[in-house]
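In: Sequence first, predicted coordinates after that:
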Amino acid sequence: MAETTMYQRFDIHQRIQHVMMFVSFIGLSISGLAIRYYETAWAAFIVRLFGEFDNMFRFHLVMATLMLLCSAYHLIYIVALGLLGKWSWATMPSLKDVKDVYHNILYFLGFKDSPPKFERYSYKEKFDYWAVFWGMVIIGGSGLMMWFPEITAQYVPRWVIQSARIAHSDEAMLAILAIFVWHFYNVHFNPTSFPGSRVWYTGKLTHEEMEEEHPLELERIHRQKRQKTK
Amino acid sequence: MRKEEKALLRILVNSISLVLMIGFVMLISVTIIAAADNCQSCHDEDYNNLIKSSVHQNVACSSCHQGFDQFPHPQANLGSELCRTCHEGVYNDFQESVHSQLECSSCHEQAHEIIDVSNLDARMNRLQEVKACGDCHADSIPFTSYQDSFHGIGNYLGSMENAVCTDCHAAHLILKETDTRSTVHPDNVAETCATCHGIAAEGFAEGKEHFEITSTGYSAPMYWTIKFFTWLTIIVIALLIIHMELELYRRLLNIRLKERGN
């Protein structure tokens, strides 16, 4: 019976946040790339899809608002978790993550027979989570500076806004590459997940998936269950 | 009876005025058409192909081509001076500007071809203007930095809202930055920005608009921002790809070990 048990991994708030994030991310990527590579033929094609540039740019701002709302939602969510006494440090990087990277590389190269055992979040997942944090600060911050230059200029010199524009575009390229190469490999294209993991939608993992991806978390859950029943 | 008489008189006066007005308008049209027709008997192609669709379609040929009712036509210099007859204000601005050595037609089309500026094909339309300025200024830092700016990118992609050259530098009275009347003089630039950006806030108009990105000077922060993010992206993405490739290698190894085991 234990094999068919489903394990709740993401609650409804986390799943809504993820949907808000990927919808806005894809929208911002399409309209943003057309601005970054404005001289190309495909940029002109994307502009035509929106009818005209001014429409496309408004769409970029609407999607930016959605992404900022998503970030605000997440920040409120983690504060609420703290207030409800459900605070968790599981996403915090630790020394174990460094050891896991080393262990995993040795495993990949054939020097170890088994991969490292992960807790609730593996180092890959922690990297993705904090990459979004860093990206939101850089891209969201610089985006707001450009959206409201009249206000920004009252507090910082103009070269800061001009540098922010470069950071916005360059950091966005890093984010786009990280998502569509690295994240898509991890959740879509690798042979175990293909055509895609469904945990973003169902929020649940099977026993086998837990054993494969989060064995230490699984052990902890069973340990806690046993303690409760005692 | 008096009332009826008054009404009758009013109708009579109105009818006469109307007839006179129609006659007057017809007279003018006939004159213009006749004048055009006269020229058209030889210059039909010029007239139908160009002038008819230009903003000058209602201007008689002889307004600019003075003395051309004689044949052979006199040798005449049809320079910008002639435009002054109707466009005195902008002509005077233009004569004072840095472009005074140019002709009206250097930027606008020839008088016969000139079309309304709201027409997307007009040389001075918002979407065409930058290209026209580029005919002379294409290799200058102000021009190339404009193209890389958000103003320039939006304009390139067809935005009707993004600023073009003349929005900041004025259309006819383009003056050097050092001239106190110039829209880009340090004392006036905040107000110039405010025409689009709403408020001439402190600090907003400070700093440079047109510059080249170099490792030293004003643009150094931008230069090092580019360097930082370029190398961050190369290193991070390279490491992620190496991680992916190693993982795929191990998956292959596992398959081979399994096959060997069998």
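Out: Yep, that arrived. Residues are numbered from 1 along each chain as shown, chains lettered A, B, ... in the order given.
In: got a pLDDT number for the residue in chain A positioned nearest to chain B?
Out: Closest residue of chain A to chain B, CB to the nearest CB: residue A:158 (3.0 Å). For every residue, glycine as well, the C-beta is placed using N, CA and C. Predicted confidence (pLDDT) for residue A:158: 92.
In: correct me, but it touches residue B:201?
Out: No - using CB atoms under 8 Å, residue A:158 is not in contact with residue B:201; the gap is 11.3 Å.
In: just the helices in chain B please.
Out: Remark: helices assigned in chain B by DSSP state H are B:2-49, B:61-64, B:88-96, B:104-107, B:126-137, B:141-148, B:150-156, B:165-169, B:189-197, B:220-261.
In: wait, chain A
Out: Using DSSP H, the helices of chain A run over A:12-36, A:41-49, A:53-83, A:95-108, A:123-135, A:141-147, A:149-152, A:158-177, A:184, A:199-202, A:207-213, A:215-229.
In: buried residues in the second one?
Out: Translated: helix A:41-49. Across helix A:41-49, burial judged by 16 or more other CB atoms under 10 Å in any protein chain shown covers A:43, A:46, A:47.
In: now those as TSV including pLDDT and distance to residue A:200?
Out: As requested, those are exported to TSV (pLDDT from 0 to 100; distance: CB to CB, whole Å):
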residue	pLDDT	distance to residue A:200
A:43	97	30
A:46	98	26
A:47	97	31
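In: quick check, nearest of those to residue A:119?
Out: The shortest approach to residue A:119 among these belongs to residue A:46, at 42.1 Å (CB to CB).
In: what residues are up against that closest one?
Out: By CB atoms under 8 Å, 6 or more residues apart in numbering or on different chains, the contact set of residue A:46 is A:30, A:31, A:33, A:34, A:56.
In: In space, what's closest to the second one - neighbours in sequence excluded?
Out: In this case it means residue A:31. With CB to CB, 6 or more residues apart in numbering or on different chains as the criterion, residue A:31 has its nearest non-adjacent residue at 4.2 Å, and that residue is residue A:60.
In: again with the last one
Out: Setting aside the residues directly before and after it, residue A:56 is nearest to residue A:50 in space (CB to CB, 6+ apart), at 3.8 Å.
In: That neighbour: neighbour count?
Out: Around residue A:50 there are 18 other residues, counting by other CB atoms under 10 Å in any protein chain shown.
In: Relative to residue B:155, how far out is it?
Out: Residue A:50 sits at a distance of 16 Å from residue B:155 (criterion: CB to CB, to the nearest Å).
In: State the distance from residue B:179 to chain A.
Out: Distance, residue B:179 to chain A, using CB to the nearest CB, to the nearest Å: 23 Å.
In: That residue - nearest residue in space that isn't next to it in sequence?
Out: Spatial nearest neighbour of residue B:179, chain neighbours left out: residue B:185 (6.2 Å); criterion: CB to CB, 6+ apart.
In: so the one you found makes contact with residue B:169?
Out: No - using CB under 8 Å as the test, residue B:185 is too far from residue B:169 to be in contact (11.2 Å).
In: any weak-confidence spans in the chain?
Out: By default, I'm working from chain A. Scanning chain A for pLDDT under 70 picks out A:1-3.
In: Not quite, go with chain B.
Out: Within chain B, the ranges that satisfy pLDDT under 70 run B:1, B:29-37, B:200, B:262.
In: Could you check which residue of it lies nearest chain A?
Out: Closest point on chain B to chain A, by CB to the nearest CB, is residue B:207, at 3.0 Å.
In: what's the burial count for that residue?
Out: Residue B:207, neighbours per other CB under 10 Å, totals 15.
In: Next: residue B:254.
Out: Residue B:254 has 11 neighbouring residues, counting by other CB under 10 Å.
In: give me every residue that touches residue 69.
Out: Reading this off chain A. Going by CB under 8 Å, 6+ apart, residue A:69 touches residue A:20.
In: looking at chain B here, not the other one
Out: Counting by CB under 8 Å, 6+ apart, the residues that residue B:69 touches are B:38, B:62.
In: what does residue A:163 give?
Out: Taking CB under 8 Å, 6+ apart as the definition, contacts of residue A:163 comprise B:221, B:222, B:225.
In: ok, now residue A:36?
Out: A:169, A:172, A:173.
In: Go through those and name the one nearest residue B:95.
Out: Closest approach to residue B:95 among the contacts of residue A:36 (CB to CB): residue A:169, at 42.9 Å.
In: Not counting residues beside it along the chain, what's closest to the closest one?
Out: Residue A:169's closest residue in space is residue A:36 (CB to CB, 6+ apart), at 5.3 Å.
In: Residue A:193 too?
Out: In space, residue A:193 is closest to residue A:187, 5.6 Å off (CB to CB, 6+ apart).
In: ok, now how distant is that neighbour from residue A:128?
Out: In terms of CB to CB, residue A:187 sits 9 Å off from residue A:128.
In: tell me which parts of the stretch 51-200 of chain B are close to chain A?
Out: Contact residues (CB under 8 Å from any CB of the partner chain) of the stretch 51-200 of chain B with chain A: B:150, B:153-154, B:156-162, B:197-199.
In: hmm, back to that, next, give phi and psi for the residue nearest to residue B:179.
Out: The phi/psi pair for residue B:185 (degrees, to the nearest 10) reads phi -60, psi 140.
In: ok, it - contacts?
Out: B:175, B:177, B:178, B:179.
In: What is the nearest of those to residue B:80?
Out: Nearest to residue B:80 among the contacts of residue B:185: residue B:175, at 18.4 Å, using CB to CB.
In: what residues are up against the closest one?
Out: B:96, B:97, B:98, B:181, B:182, B:183, B:185.
In: Now distance to residue A:15 too, for these, in TSV please.
Out: Output for the contacts of residue B:175, formatted as TSV (distance: CB to CB, whole Å):
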residue	distance to residue A:15
B:96	66
B:97	62
B:98	61
B:181	61
B:182	58
B:183	53
B:185	57
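In: Buried members of these into ChimeraX, please.
Out: This is how ChimeraX selects the buried members of the contacts of residue B:175, with burial counted by 16+ other CB under 10 Å:
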select /B:97,182,183
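In: How far does stretch A:103-121 sit from its chain's centre?
Out: What separates the centre of stretch A:103-121 from the centre of its chain is 23 Å, taken as CA atoms, centre = their mean, to the nearest Å.
In: got the CA positions of that stretch in CSV?
Out: This file holds the C-alpha atoms of stretch A:103-121, laid out as CSV (Å, rounded to 0.1, in the frame of the first residue of the first chain):
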residue,chain,number,x,y,z
HIS,A,103,29.5,13.6,-4.5
ASN,A,104,27.3,13.9,-7.6
ILE,A,105,30.2,14.8,-9.9
LEU,A,106,32.1,11.8,-8.6
TYR,A,107,29.0,9.7,-9.3
PHE,A,108,28.6,11.1,-12.8
LEU,A,109,32.2,10.3,-13.6
GLY,A,110,31.8,6.7,-12.4
PHE,A,111,33.8,7.0,-9.2
LYS,A,112,30.8,6.4,-6.9
ASP,A,113,28.1,3.8,-7.3
SER,A,114,25.1,5.9,-6.1
PRO,A,115,24.1,9.5,-6.3
PRO,A,116,23.9,11.7,-3.1
LYS,A,117,20.7,11.5,-1.1
PHE,A,118,18.7,14.7,-1.1
GLU,A,119,16.5,16.2,1.5
ARG,A,120,13.4,18.3,0.6
TYR,A,121,15.4,20.4,-1.8
